[in-house]
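> The amino acid sequence is not available; the structure is as follows:
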């Protein structure tokens, strides 16, 4: 029997994405069927918004961590799978966009009269300035950094691995996106514990 060529052994992007989508759908259906919604979403009328934002932030934690690891590998000059890097960076940027979208949707009740913003401004304005305003703008840095990394990786493909400047630019963008995400995630968790919406 002959040895299969590299192309025959390679997984196809569509197959990998399809399997991931099916797995996510099954996990979601198990969650919907087996978990009591009122316990998952809490008592707040903004529970659905909070749940979607929290879900996307959790998924973003995973994609950003993988992006950080890939960025480190790029910086170190290690061999990387360009296809995986492309899929991961695009997925990272998409999840980053959704996290910010749901976060902005959740920001409306935060700023509403009688919301957490009013509470913090009345009791401790520094918490509002640092824990939320600073967090909000820090979180917004993640999207252009993630999109920039995805653009470089998808536009230049295999050249990213061989061209030192492209490789280091993509690595810096991925690592900076992870850093800004980490700051925003930590401050977001803290503000939620102090006064949930």
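Sure, I can see it. Remember, predicted model here, so these are calculated numbers, not experimental data.
> Give me the distance from the helix or strand hosting residue 60 to the chain's centre.
Applying DSSP states H and E as the criterion places residue 60 in helix 47-76. Chain-centre distance of helix 47-76: 3 Å, with Cα atoms, centre = their mean, to the nearest Å.
> Now that helix: buried residues?
Within helix 47-76, the residues scored as buried using 16 or more other Cβ atoms under 10 Å are 47, 49-57, 59-61, 63-64, 66-68, 70-71, 73-74. Placement of C-beta: from N, CA and C, glycine included.
> Kindly report the same for stretch 148-164.
148, 149, 150, 152, 153, 154, 156, 160, 161.
> Can you give me the first-to-last residue distance of it?
17 Å (Cα to Cα, to the nearest Å).
> how close does the residue most central in space within the chain get to residue 15?
By Cα atoms, centre = their mean, the chain has its centre lying nearest to residue 60, at 2.3 Å. According to Cβ to Cβ, to the nearest Å, residue 60 and residue 15 sit 24 Å apart.
> what's the answer for residue 94, then?
Distance from residue 94 to residue 15, counting by Cβ to Cβ: 19 Å.
> Looking at these two, which one has more neighbours?
Remark: of residue 94 and residue 15, residue 94 carries more neighbours, 16 against 9, as counted by other Cβ atoms under 10 Å.
> Just the buried positions in whichever strand or helix holds that one, please.
Applying DSSP H and E as the criterion places residue 94 in helix 82-111. Within helix 82-111, the residues that count as buried by 16+ other Cβ under 10 Å are 82, 85-100, 102-103, 106-107, 109-110.
> where does it sit relative to the chain's centre, distance-wise?
What separates the centre of helix 82-111 from the centre of its chain is 5 Å, taken as Cα atoms, centre = their mean.
> Following element in sequence after it, please.
Where DSSP H and E defines the elements, the next helix or strand beyond helix 82-111 is helix 116-123.
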